[in-house]
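Participant: fold the following, please.
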Amino acid sequence: MRPKALSGSIAKYSRGLALSVLTLIGAPAVSHAVDYYWNTGTNTWSGTFWSDNATSGGTTGVLPTSSDTITFNQSSVNGAETISLGADQSVLGITFSNTGTTLLQGGGVADQILTIGTSGITINSGAGAVTIGSLTALQSVAIALGGNQSWTNNSASQFTVINGIDNGANLLTIAGTGNTTISGIIGSGVTFSGGLTKNGNGTLTLSAANAYTGATTINRGTLNLGGSTANGSLDSTVLNMAGATLNYTRTGGTTQAFTTTNITAGANTITAVATNTLTLGSLVKTGDATVNFGTTGTITTSTLNDATGILGGWATFGGTNWAVANGAGSAITGFAGTYTMTNSVLNVGASALSLVH
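Facilitator: So this is what the prediction gives:
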């Protein structure tokens with residue numbers, strides 16, 4: 001029996017030795033995401049200014065990569081700051097907590113690209129205004145989406161993105177209680193099939209000729225298309241609304257067209273300024289959703305009125321009247337006739353409004 005025991009010991013030793021050798025010469029390194037914190041004010045992006053300590057001090061000298069998240073700033077570092085990328089940069093996600101203003105720009109040598117992974121962007125409550133990009137030559141920062149992601153502004157300060165966003169096939173969600181302005185083109189790359197979703201109670205303002213072709217979904221808050229500028233349009237043809245507001249405020253008497261508008265949930269509002277035309281295409285209402293159309297501008301739909309001569313009890317005009325479709329190309333208006341109610345059924349007729357029991 002002793003030879004068997006010895007043989008077993010040798011086998012175990014051999015296996016252990018083999019595993020040790022494999023670890024030394026052949027085992028792949030496992031990459032773990034690291035959180036890095038900006039430890040200074042205005043400066044150029046380099047490993048010197050990234051620390052692994054959220055408060056102060058810590059180990060520096062390592063440049064964040066696409067598997068790492070970054071935060072502006074360490075909690076002990078606050079104030080107005082400008083960070084120059086100096087080169088194309090790639091990170092998993094970005095958090096802004098600096099109580100002063102933060103500007104990310106190219107650096108003056110060349111326009112740069114900032115690739116952001118699936119952790120997206122978060123601006124914490126109490127953070128100062130955040131701006132990414134610049135209109136100055138060699139200072140722009142184009143953003144490339146490394147996957148589906150959310151940009152969430154929970155600050156009372158403005159979040160502004162100035163240059164183009166290469167969304168590819170990825171969904172970009174804008175969320176939070178704070179306001180966001182994107183003046184660069186969403187869909188600035190070679191492919192741009194991804195969509196845009198608006199969540200949260202804040203206002204999203206778009207003021208560029210956006211090229212993305214995925215659906216535009218407004219679940220909460222307000223989408224301000226145009227921002228009272230001469231720009232602001234969508235190549236997206238499907239609009240989904242679920243308890244939110246769309247304001248078409250571009251100047252210059254322009255037209256924004258959708259092929260389908262889905263009213264899927266909640267109370268919704270759609271408006272256009274006096275000189276603009278908003279073409280909604282086919283209106284599809286589901287569940288107990290409602291929509292109110294503004295009284296200015298020209299808002300049209302290809303959907304026909306119901307048997308009572310209105311779009312339906314779910315659609316109002318100016319908040320106090322039933323909405324009436326007048327055919328594609330003609331503005332939605334308020335109902336000009338009279339109503340009767342018989343056994344709780346709405347009837348449209350020539351008599352005055354009355355309730356018949």
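
Participant: export stretch 148-164 as PDB, just CAs?
Facilitator: Taking Å, rounded to 0.1, in the frame of the first residue of the first chain, the C-alpha atoms of stretch 148-164 are listed here in PDB:
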ATOM      1  CA  ASN A 148     -26.100  51.500 -25.100                       C
ATOM      2  CA  GLN A 149     -25.900  54.000 -22.200                       C
ATOM      3  CA  SER A 150     -27.600  56.700 -20.100                       C
ATOM      4  CA  TRP A 151     -26.500  60.200 -19.500                       C
ATOM      5  CA  THR A 152     -28.100  61.300 -16.200                       C
ATOM      6  CA  ASN A 153     -28.000  64.900 -15.000                       C
ATOM      7  CA  ASN A 154     -29.300  65.100 -11.400                       C
ATOM      8  CA  SER A 155     -27.800  68.600 -10.900                       C
ATOM      9  CA  ALA A 156     -29.600  71.900 -10.900                       C
ATOM     10  CA  SER A 157     -26.800  73.100 -13.300                       C
ATOM     11  CA  GLN A 158     -26.800  72.700 -17.100                       C
ATOM     12  CA  PHE A 159     -25.100  69.800 -19.000                       C
ATOM     13  CA  THR A 160     -24.000  70.800 -22.500                       C
ATOM     14  CA  VAL A 161     -22.600  68.700 -25.300                       C
ATOM     15  CA  ILE A 162     -21.300  70.900 -28.100                       C
ATOM     16  CA  ASN A 163     -19.800  68.500 -30.700                       C
ATOM     17  CA  GLY A 164     -21.000  65.500 -32.600                       C
END
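
Participant: pLDDT on it, on average?
Facilitator: For stretch 148-164, mean pLDDT is 98.

Participant: can you give me the pLDDT of the residue lying closest to residue 158 once chain neighbours are set aside?
Facilitator: The shortest distance from residue 158 to any non-neighbouring residue, by CB to CB, 6 or more residues apart in numbering, is to residue 129 (4.9 Å). Placement of C-beta: from N, CA and C, glycine included. Looking at residue 129, its pLDDT reads 98.

Participant: next one: residue 129 relative to residue 244, how far apart?
Facilitator: Noted for residue 129: a distance of 24 Å to residue 244, by CB to CB, to the nearest Å.

Participant: more neighbours: the two, which one.
Facilitator: Legend: neighbour count by other CB atoms under 10 Å for residue 129 and residue 244, higher for residue 244 (23 against 20).

Participant: quick one: the more buried one and residue 218 touch, right?
Facilitator: Yes: in this structure, residue 244 is within contact of residue 218 by CB atoms under 8 Å, at 3.9 Å.

Participant: what's the single longest strand in the chain?
Facilitator: Identified as the longest strand of the chain according to DSSP state E is strand 112-123.

Participant: starting from that one, tell me which strands it pairs with and how they run.
Facilitator: Looking at strand 112-123 with DSSP bridges, its partner strands are strand 89-96 (parallel), strand 141-145 (parallel), strand 149-153 (parallel).
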